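Undergrad: sequence and predicted model, in that order:
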Amino acid sequence: MLGLEHIFTGYDHILFVISLLFGAKTIKNILSLITAFTIAHSITLVLATLEIVQLPGRFVESAIALSIIYVALINIFDKDAKHHPWLAFGFGLIHGFGFAGILSEMRLDGNHLATSLLSFNIGIELGQLLIVSLAFPIILWIKNFTLKPIKWVIPGTSVAILAFGLVWFIQRAF
């Protein structure tokens, strides 16, 4: 439940995933993006939770904000951009450290660490799957709409996402 709760209250992660979806062209592309993001953040979630790799929280949270800014900028300036799985994988590594920060605040008992880690990650994945399955049909509908005003929805939304990313970066980095 905590993983599900985190993904639905982690607006930065939601906006990042939606920004990725703006650049997805096909169902196969979505699957490759989400799979790459999932594999990457699962790797760093495990490594950070087991304290094998540690990064400062301020750096991680600032980098998450920068990932949102970067993808939003691509969506604004290259409306025909097709996001690649390597992009989702690279940023997924950073987001996994952010997810681990939530688990570290819980001070988990070592006896239940593996179970807690697995259930937290499954909650994140279920929430992410729900977001993708709700958002992508709407995004496809907008992309296929022929009225000119609708063509500004994705770039306009990307500008708003960019603004959130900039505010989060300033708050987190300074």
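TA: Arrived safely.

Undergrad: and stretch 90-106, which residues are buried?
TA: Under the neighbour-count criterion of 16 or more other C-beta atoms under 10 Å, stretch 90-106 has 91-103 buried. The C-beta positions use only the backbone N, C-alpha and C, and glycine is treated the same way.

Undergrad: same check, this time on stretch 139-150
TA: Result for stretch 139-150 [16+ other C-beta under 10 Å]: buried residues Ile139, Leu140.

Undergrad: quick one: least confident of the buried residues of stretch 90-106?
TA: On pLDDT alone, Leu103 ranks lowest of the buried residues of stretch 90-106, at 73.

Undergrad: helix or strand for that one, which one?
TA: helix 85-105 (DSSP states H and E).

Undergrad: for the buried residues of stretch 90-106, which one is nearest Lys143?
TA: Nearest to Lys143 among these is Phe91, at 22.2 Å by C-beta to C-beta.

Undergrad: for the closest one, what are its contacts?
TA: Counting by C-beta atoms under 8 Å, 6 or more residues apart in numbering, Phe91 touches Phe16, Phe37, Ala40, Ser67, Tyr70, Val71.

Undergrad: again, only this time at 6 Å
TA: Ser67 (C-beta atoms under 6 Å, 6 or more residues apart in numbering).
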